[in-house]
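Peer 1: A predicted structure for the sequence below; I have some questions about it.
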Amino acid sequence: MGFNVIQGTSPLDVEWYGVDITTATNLYVGQLVQLSTGAMNGVGPLAAASGAYDVSGDQQILGIVIGTNNYPMTELFSATYGQYISGVASQAGQKAIQKMGGGSYSFPINDPAPRVLVAIINNTTWLEGSIYNATVGVAPTVVTVTTGDATGAGCTTGSCDVATVANMCTLYFRTGLNAGRSRIIKSASATTHTFDEYFPDAIAVGDTGVIVPLRQGGSYAQITSTSGYLGMGFNCAATAATNYFGIDVKYLDLAEAGKERVVFRFNASHFAGIRT
């Protein structure tokens, strides 16, 4: 669940950070976080992109939460989203839950305030992220072919999670003669799909697969944006047309329902401020 580092600096570049109380109450292990700026008193969750390459949101990505300073016997855990820690302001709130050492240059180990351990990333860091249908834990919709094509040049399916953007989405077949194969979709539609590179075998009525708004190579992507659980995966129900992050996709793994994932790195623009 969430995001994790596949390949980056060795050893992994990590640091303890405060939990911002102005942008979110909780931070979850596996969550993408943004650099604290302005009124933020610590790191906060990466919000959904606003504008192309998040030009309007202008968030600076810091990294991924990989741990908290909650004592093991008092860890906070969500059955859906996993381990988390809550940001608090008051003295009583800071001392209410037992903490363990989370010391760094910025925070001594006897500081009881909530802290998260962050794996710091940059545009050369390869990450793995899950793909969800809007909500964490919900798999992309399986589509069934309603009109096939013997040449493999196109097909019609039941509606996918969001209308495709030309040349920015992928169809992966799970059944039929083309099972295990994928192609970038040339057309822009939720149901009618064409391909510049044809599928090598005939596409038949009843074949099934999944369509995601991601592609190998330079891709657009939007993160999950459920209130309070921002940045825990990619959202395949969000169009890749207007609001998105720019990512470089190494590969997509769409073979198994509920385990769809992508290996990628973020575009360099997401680590610099003032992009408007």
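Peer 2: Okay, I see it.

Peer 1: check contacts around residue 171.
Peer 2: 182-183, 185, 193, 195, 209-211 (C-beta atoms under 8 Å, 6 or more residues apart in numbering). Glycine gets a C-beta too; all of them are placed from N, C-alpha and C.

Peer 1: what lines up beside the helix or strand where it lies in the sheet?
Peer 2: In the assignment (DSSP states H and E), residue 171 maps to strand 169-173. Looking at strand 169-173 with DSSP bridges, its partner strands are strand 182-185 (antiparallel), strand 208-212 (antiparallel).

Peer 1: residues near residue 176, how many?
Peer 2: 20 (other C-beta atoms under 10 Å).

Peer 1: how close does it sit to residue 184?
Peer 2: Per C-beta to C-beta, to the nearest Å, residue 176 is found 18 Å from residue 184.

Peer 1: ok, now residue 67?
Peer 2: Using C-beta to C-beta, residue 67 is found at 37 Å from residue 184.

Peer 1: got it, and residue 75?
Peer 2: Distance, residue 75 to residue 184, using C-beta to C-beta: 42 Å.

Peer 1: cool, residue 26 as well?
Peer 2: Taking C-beta to C-beta, one finds residue 26 at 37 Å from residue 184.

Peer 1: Tell me the predicted confidence for residue 157.
Peer 2: Residue 157 is assigned 98 on the pLDDT scale.

Peer 1: sorry, back to before: could you export the strands paired with strand 169-173 to JSON lines, including columns for mean neighbour count?
Peer 2: Below are the strands paired with strand 169-173 laid out as JSON lines (neighbours: other C-beta atoms under 10 Å):
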{"stretch": "strand 182-185", "mean neighbour count": "22"}
{"stretch": "strand 208-212", "mean neighbour count": "24"}
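
Peer 1: To residue 4, which of the ones you listed lies closest?
Peer 2: Nearest to residue 4, of all these, is strand 208-212, at 19.2 Å by C-beta to C-beta.

Peer 1: residues in contact with residue 83?
Peer 2: 28-29, 68, 75-77.

Peer 1: Show me which pair in those is furthest apart.
Peer 2: Among the contacts of residue 83, 28 and 75 lie farthest apart (C-beta to C-beta), at 11.9 Å.

Peer 1: Those two: who's more crowded?
Peer 2: For residue 28 versus residue 75, neighbours defined as other C-beta under 10 Å are more numerous around residue 28 (29 against 13).

Peer 1: where does that one land on pLDDT?
Peer 2: 93.

Peer 1: do the same with residue 100
Peer 2: The model reports residue 100 with a pLDDT of 72.

Peer 1: again, but for residue 275
Peer 2: For residue 275, the predicted pLDDT is 58.

Peer 1: since we're on the nearest residue to residue 209 once chain neighbours are set aside, how many residues are nearby?
Peer 2: Leaving aside its sequence neighbours, residue 209 sits nearest to residue 173 (C-beta to C-beta, 6 or more residues apart in numbering; 4.1 Å). Using other C-beta under 10 Å, residue 173 is surrounded by 23 other residues.

Peer 1: Next: residue 14.
Peer 2: Count around residue 14 with other C-beta under 10 Å applied: 17.

Peer 1: quick one: it from residue 91, how far?
Peer 2: From residue 14 over to residue 91 (counting by C-beta to C-beta), the distance is 28 Å.
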